[in-house]
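**Student:** What would the 3D arrangement of this be:
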Amino acid sequence: MSLVRLNIKGISYSQTQNGAYALILSEVDGERKLPIVIGAFEAQSIAIALEKEIKPPRPLTHDLFKNFADRFDIIIKQVIIHKLVDGVFYSSIICERDKIEEIIDARTSDAIALALRFQAPIFTYKNILDQAGIYLKVNPKKDDEADPEGLMIDDLVSEDIQMVQEEANYKDLSSEELSKMLNQAVVNEDYELAARIRDEISKRG
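**Tutor:** Take a look at the predicted model:
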């Protein structure tokens, strides 16, 4: 089975599952997206790894794993999403120490959070992408025919609309007020909010 490399497209709040987030992976040489439901903690950890300018006041679990692995010369070479059963994705972490390779089973959310910290590539098998991959639709259907995939994507992007509204509110605040909000968001460990505030500060130069 051939492997397909994936990039992280983004994270959205999932309104269909309370307290859950949707991690959107995108195939590198194609247009399909692979949505994976993850927990709030894992979503925060992935968001922190993506926003390298945000440093948590204390190491999160995945940061601790990275520090531990660095101390003992363990590297993560790649992550493979290798199985999909009843809507649950299963992943393997390919590690190496002293030129000896090991395969470790992991939850997909944990595997991706670690892959980001080790700058390791993420792959899945073509048959999994054929089974679960979707195309994000720009224009919704005009007829009354229900489209489960389209409805799911509508739920995923609704959080993005909320973000746009929040960004509009940030424009009315001074840079000093935004800096205070950023610091408070980091203290509260609300890293997604911190990332959005940081982006607004960056736009102002």
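
**Student:** Give the next helix or strand downstream of the helix or strand of the chain with the lowest mean pLDDT.
**Tutor:** None of the helices or strands of the chain scores lower by mean pLDDT, DSSP states H and E than helix 148-170, at a mean of 45. Next helix or strand after helix 148-170 toward the C-terminus (DSSP states H and E): helix 175-187.

**Student:** which other helices and strands contact that next one?
**Tutor:** helix 191-203 (3 or more C-beta pairs under 8 Å, 6 or more residues apart in numbering; DSSP states H and E). The way it works is simple: take the backbone N, C-alpha and C, and place the C-beta from them, glycine included.

**Student:** what's the angle from the helix it packs on to helix 175-187?
**Tutor:** 150 degrees (axes from the mean of the first three to the mean of the last three C-alpha atoms, to 10 degrees).

**Student:** Report the rounded mean pLDDT for helix 191-203.
**Tutor:** Averaged across helix 191-203, the pLDDT comes to 72.

**Student:** Which other helices and strands does that helix contact?
**Tutor:** By 3+ C-beta pairs under 8 Å, 6+ apart, helix 191-203 packs against helix 40-50, helix 148-170, helix 175-187.

**Student:** now it against helix 40-50, angle please.
**Tutor:** Going by the same axes, to 10 degrees, helix 191-203 makes 30 degrees with helix 40-50.

**Student:** Give the burial count for residue 21, as a bare number.
**Tutor:** By other C-beta atoms under 10 Å, 25 other residues sit near residue 21.

**Student:** what pLDDT does it get?
**Tutor:** Confidence score, pLDDT, at residue 21: 85.

**Student:** is it true that it touches residue 40?
**Tutor:** Yes - Residue 21 is within contact range of residue 40, at 6.4 Å (criterion: C-beta atoms under 8 Å).

**Student:** Thought residue 92 was touching residue 105, still the case?
**Tutor:** Yes - in this structure residue 105 lies within contact range of residue 92 using C-beta under 8 Å: 6.1 Å.

**Student:** Neighbour count: the two, which is higher?
**Tutor:** It is residue 92, of residue 105 and residue 92, that has more neighbours when counted by other C-beta under 10 Å, with 19 against 10.
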